[in-house]
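**Student:** Fold the following and give me the result.
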Amino acid sequence: MKRACAWLLLLPLLGGCKPPDTDHTVLEQAQAMPLEFSVLGEGDLQSTKPTPLLVPGAQWTSRQLNWMLPDGSMVAKGDLVARFSAEQSKQDLAQARIDLERNLLARAAKQAELDDKNGQLDVDLTQVIAQYVIAERYANATLDAIARNDILDAVQDVHYLDVRQRILHWREDQSTARGVAELAVLDAQRSSFDTVAKQKKADLDALELRAPHAGILVLEKDWTNQVPHVGSSLYAGNAFANLPDLDVLEVRLTVPQIEAQGIKVGDKVELHRWGMPAQTVKSTINWVASTAQQRSRVNPVKYLMMKMSVPAEVARKYGWLPGQRFVGKIILLQVAKGYSVPNVALGGADGKPSVKVLEDGKVIRRTLKLGVRGATRTQVLEGLRPGDRVLLGDTDAEESQ
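**Tutor:** Below is the predicted model:
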């Protein structure tokens, strides 16, 4: 009975209460506070002056990696870094040597054929010359010495032998010219086969990669972001590793394009080795890529690359080496006191940025002057007052004029 009476006494009071205004969605109240916009990126420590180590051999020659030093190994000048094999080059060299032997046999056969043909022509010419001399002698003889019919036959023999002699000389010239041309073709083929053999021999002699100077071995990643490993198929002339100059180091960070808005040269960066946040160094961005790029064919996400230098004394202090993974906190904005609004609250009117605020129960559009835009929030330089209640940008609330 007491509980029922209590409820009866409260009913008039509850009936006089007005439910709260739920027509508008208030996102937050504006107030000045410390602001810090930052973006995280990841990347590797690299040298700005590395000595490239290329896969040895002729350009685009395929070879297989049989042995290599581990990534990050200390090497001295002349140390063996990697050893390769080239089965295709072995086969090509063997084929080139076979082609050379065939060419030598073909040339010898052609030379013998030409010598035989020229020898036969020489014999024929010798016989014709001898017969010509005899025929010419009788052709000039008198009727007292020889019968008239014999003289006529001799005259005919002189004419025939003269024509035959000219034909044999022509055939000899043609045979010599043709033979020289055929031998030249064979010599050109031999030169080509010899060049291939020398190239393949040199290619097989270049299956070891040695360090040109002392340093730390840093393996190069390919387009799939993978480093070489034993069994890899590589091509001569491609990058295999490098020996960096440890006095000039930089970190190359990548940030997803959607989070990279507002990043520019000169922004401050707090760097630390991945997994070791106590090892920190401050730097500034000195280069930003003009466009974002994909890092993988299977991943459509694009990343923006940027570079920042690392003091050599700090790297030596912490024992940092090229190839190590780093995390960078890029400071887009850092002020002691200021205003900001969520990006979802921003709208636009006549090309000017604005937000909707709730003032005395009415929705008012407030034009803003913006500063730094972050991934989720944007700095407001002018247009907000303390206590302003900012509405969602897509609210259906009717604006007051």
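**Student:** Quickly note the distance from the closest residue to V301 other than its chain neighbours to A197.
**Tutor:** The shortest distance from V301 to any residue other than its chain neighbours is 6.0 Å, reached at P256 (C-beta to C-beta, 6 or more residues apart in numbering). All C-beta atoms are positioned from the backbone trio N, CA, C, and that covers glycine. P256 is 53 Å from A197, where distance means C-beta to C-beta, to the nearest Å.
**Student:** And what about the residue nearest in space to the middle of the chain, helix, strand or coil?
**Tutor:** Taking C-alpha atoms, centre = their mean, the centroid of the chain lies closest to W223, which sits 6.9 Å from it. Of the three states, W223 takes coil under DSSP: H, G, I helix; E, B strand; the rest coil.
**Student:** Break the chain down into its domains, please.
**Tutor:** Listed by automatic domain parsing, the domain ranges of the chain are 59-83+207-243, 88-205.
**Student:** can you pull out the strands in the stretch 1-150 of the chain?
**Tutor:** For the stretch 1-150 of the chain, the strands defined by DSSP state E, counting those that start in this stretch cover 26-29, 33-47, 51-54, 62-68, 74-75, 80-85.
**Student:** Can you lay out the ones you listed as CSV showing mean neighbour count and mean pLDDT?
**Tutor:** Below are those laid out as CSV (neighbours: other C-beta atoms under 10 Å; pLDDT from 0 to 100):
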stretch, mean neighbour count, mean pLDDT
strand 26-29, 14, 80
strand 33-47, 18, 93
strand 51-54, 16, 92
strand 62-68, 17, 89
strand 74-75, 16, 88
strand 80-85, 18, 90
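**Student:** got the residue ranges for the helices in the stretch 301-401 of the chain?
**Tutor:** With DSSP state H, counting those that start in this stretch as the criterion, the stretch 301-401 of the chain has helices at 312-318.
**Student:** circling back: out of P256 and A197, which sits in the more crowded spot?
**Tutor:** Between P256 and A197, counting by other C-beta atoms under 10 Å, A197 is the more crowded of the two (19 against 15).
**Student:** The more buried one belongs to a helix, doesn't it?
**Tutor:** Yes - using three-state DSSP, the assignment for A197 is a helix.
**Student:** Which one of the domains of the chain lies nearest to K369?
**Tutor:** Closest to K369 of the domains of the chain is domain 59-83+207-243 (C-beta to C-beta; 42.6 Å).
**Student:** quick one, phi psi at G275?
**Tutor:** In terms of degrees, to the nearest 10, the main-chain angles of G275 are phi 90, psi 0.
**Student:** Neighbours of it, how many?
**Tutor:** Residues near G275, counting by other C-beta under 10 Å, number 8.
**Student:** any idea how far it lies from V314?
**Tutor:** Distance of G275 to V314, computed by C-beta to C-beta: 17 Å.
**Student:** got it, and F326?
**Tutor:** For F326, the distance to V314 (C-beta to C-beta) stands at 12 Å.
**Student:** got it, and K337?
**Tutor:** For K337 relative to V314 (C-beta to C-beta), the value is 32 Å.
**Student:** These two - which one has more neighbours?
**Tutor:** V314 (16 against 9).
**Student:** which residues does the residue nearest to V301 form a beta bridge with?
**Tutor:** In this entry, P256 is beta-bridged to Y303, by DSSP bridges.
**Student:** quick one, what contacts it?
**Tutor:** By C-beta atoms under 8 Å, 6 or more residues apart in numbering, the contact set of P256 is V301, K302, Y303, L304.
**Student:** Go through the residues you listed and say which is closest to V281.
**Tutor:** So of the contacts of P256, ranked by how close each gets to V281 (C-beta to C-beta), first place is L304, at 21.6 Å.
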